[in-house]
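Okay, here's the prediction I keep looking at, along with the sequence it came from:
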Amino acid sequence: MKRYNLYPIFILSILFLSNCASLEQTPIQTANLPSIQTPVAFEIPSPGQYILRSPIDNSLFPVQTSADGQTGSALIPASEASLPEFSLQKVKRLTLLADSFRWDDDGKTTLSLYEGDRLVLQYHYGVIQPPEGVPADRARSSYIHPLKGLDGETLTEDFPKDHYHHRGLYFAWPGVFIDGKQHDMWHIQDIWNRCEKILDKQAGPVYASLTIQNGWCTTDRKVMTELMELKVWHSGEIGQTIDLKFTWTPLEPIQIGPKDYKGYGGLNFRFPAQNRTNTVVANRDGIQPTSDLIRSPWTDFSAQFDNREAASGVTFINHPQNIDPNPGWTIRSSDSYGYIGISWPGKDTFDFAPNNTYTNQYRLWIHRGDRKEGQAEEAVKAYFQTDPFEIR
C-alpha cells in the first residue's frame, strides 16, 4: 500500500463529522507537528470525499479537497499533534456542519465571509465612497474591512479621522515611480488598485478561499497585474489563521519606495482608535514602543477592543522566503493610534521588471488573549515549517 507523507501548513482548529460510511483507507504519516491546532496537507490518492481518523480514539477530522482534486487539507488538534500516523478514509458522504463557511456577495462592492452566523471579514472588490465630511478623492477598493476577532470584536478601522487614507488591511506605497513620475497609492493619488475579476471563491468545512485579479491603474493605463489569494481557516478555541499571498506581474518598469525616512509602504493594518485600551505590541525581542523599521520576522498587536474586559489580538508573520525575509516594521502602539506596517522595501527602493513575476506571502493569527495566551510564538513556529509559496 502506498504511504503518503503529511506535513503542516496552517494553524487552526478542528471540526468533527458524523454519518460517514468508510470505504478505502490510506495511512498518512505525520512528523514534527507543532503543539498547537495545526492544519495539514497531503496528496489525495483518488477523486472523492475523505476524512482523517485518529488512531487514539477514532476521532474524525473532515478533509477539504483542493480545486484541482489533488490535495486534501485537514485540521489536527494539539492533543494529537504527536501522533506518528493518521488514517485517510474515503467516505460516501461528507456531512457539513452548521458553522461551515459561506460567502455573501452584495453584487456591487463587497464580499462578506461568515463562519456559521459570525462575520469573519469583508473584502471590498468594488469602490467604496467616502462618508460625509471625507474628501471625495479618498475613495478606495481592494482591501479588507472589517476584520473581526473570534468574539465579534472589530479589529480594523476605515476612514479614520486622523488618517483618512488608512483602510483596514491593505497593500500600498507612497512612492510608485513610473516613467520618472511619482504616483501615490498610499494616499490614493494618481494610481488605484481595481478589481478586474473574481477568479475563484470557495467555502468548505476546513477553510474558505478567495482569488482575485486586480490591476494597478493610473489615469491613462494599467501598469500592473496583481493576484490576491486569501485563505481563512476554521477558528479554534484560541485562534484563527488567515493567509495572504500576493503575486505581481508588471506590464512596464515600476519602482516602489518610501516618500520619507519612515519607510512607509507594504502590507498595512489599521486598528480602531475608539474603544481600545491596554495596547501592547511585541516581537521576537519583547515589547516594542512606537517606532519605525524595527526588524523582526513577526510582530503581535494585542489590546482590549470594543471596551471588552478580555484582550485579543493579531500576530503578523512575514514568510521567510519573501522578497525581504526580515523586514522592518512600522509600529504605532498608543491606545489612540494603532497601526502595524510590514515595511517593504523600507528605506530602499525595489524595481519591478516587466515580464517577471514577484510573490510575497503573509500570515495573520487572530487570537484570544495577549500574545502568550494566544500562543503567538507557536503560530510563528508553525508558519516557518510551511511549504514556501504554496497556499493549499
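Good, I have the coordinates.

And the strands in the stretch 101-250 of the chain, which stretches?
101-105, 110-115, 118-124, 143-147, 169-172, 175-178, 181-183, 192-203, 207-217, 222-233, 239-250 (DSSP state E, counting those that start in this stretch).

Nearest to Asp300, out of these?
Closest to Asp300 of those is strand 239-250 (CB to CB; 11.4 Å). Glycine gets a C-beta too; all of them are placed from N, C-alpha and C.

Using the record's domain definitions, break the protein down for me.
4-91, 101-383 (automatic domain parsing).

how about a markdown table for those domains, with mean neighbour count and mean pLDDT added?
Formatted as a markdown table, the domains of the chain follow (neighbours: other CB atoms under 10 Å; pLDDT from 0 to 100):
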| stretch | mean neighbour count | mean pLDDT |
| --- | --- | --- |
| domain 4-91 | 18 | 72 |
| domain 101-383 | 18 | 95 |
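
related to what we said a few turns ago, can you lay out the strands of the stretch 101-250 of the chain as CSV showing distance to Ile36?
CSV is the format used below for these (distance: least, CB to CB, whole Å):
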stretch, distance to Ile36
strand 101-105, 21
strand 110-115, 19
strand 118-124, 20
strand 143-147, 21
strand 169-172, 23
strand 175-178, 38
strand 181-183, 42
strand 192-203, 24
strand 207-217, 17
strand 222-233, 12
strand 239-250, 8
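
For Thr299, which of the ones you listed is the nearest?
Between the strands of the stretch 101-250 of the chain, strand 169-172 lies closest to Thr299; by CB to CB that is 14.2 Å.

elements contacting that closest one?
With contacts taken as 3 or more CB pairs under 8 Å, 6 or more residues apart in numbering; DSSP states H and E, strand 169-172 sits against strand 143-147, strand 266-271.

Now tell me what touches the first one from outside.
Put plainly, it is strand 143-147. 119-124, 154-158, 167-170, 242, 366 (CB atoms under 8 Å, 6 or more residues apart in numbering).

Kindly report the same for stretch 117-137.
Looking at stretch 117-137 with CB under 8 Å, 6+ apart, the contacting residues turn out to be 99, 101, 108-114, 138-148, 152, 158-159, 164, 188-189, 194-195, 198, 208, 210, 212, 230, 232, 240, 242.

returning to what we had before: kindly state which of the strands of the stretch 101-250 of the chain is positioned closest to Leu88.
strand 207-217 (17.7 Å).

Surely Gly197 and Ile212 touch.
Wrong residue type there; residue 197 is Lys, not Gly. Yes - assessed by CB atoms under 8 Å, Lys197 is found in contact with Ile212 at 7.4 Å.

re the thing from before, so which of the helices and strands packed on strand 169-172 gets nearest Gly72?
strand 143-147 (27.1 Å).

so how far is that closest one off the chain centroid?
11 Å (CA atoms, centre = their mean, to the nearest Å).

To Arg276, which of the strands of the stretch 101-250 of the chain lies closest?
strand 143-147 (13.6 Å).

Adding distance to Val280 as columns, could you present the helices and strands packed on strand 169-172 in JSON lines?
Formatted as JSON lines, the helices and strands packed on strand 169-172 follow (distance: least, CB to CB, whole Å):
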{"stretch": "strand 143-147", "distance to Val280": "19"}
{"stretch": "strand 266-271", "distance to Val280": "12"}
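
Pro174: which of those strands is closest?
Nearest of these (CB to CB): strand 266-271, 10.7 Å.
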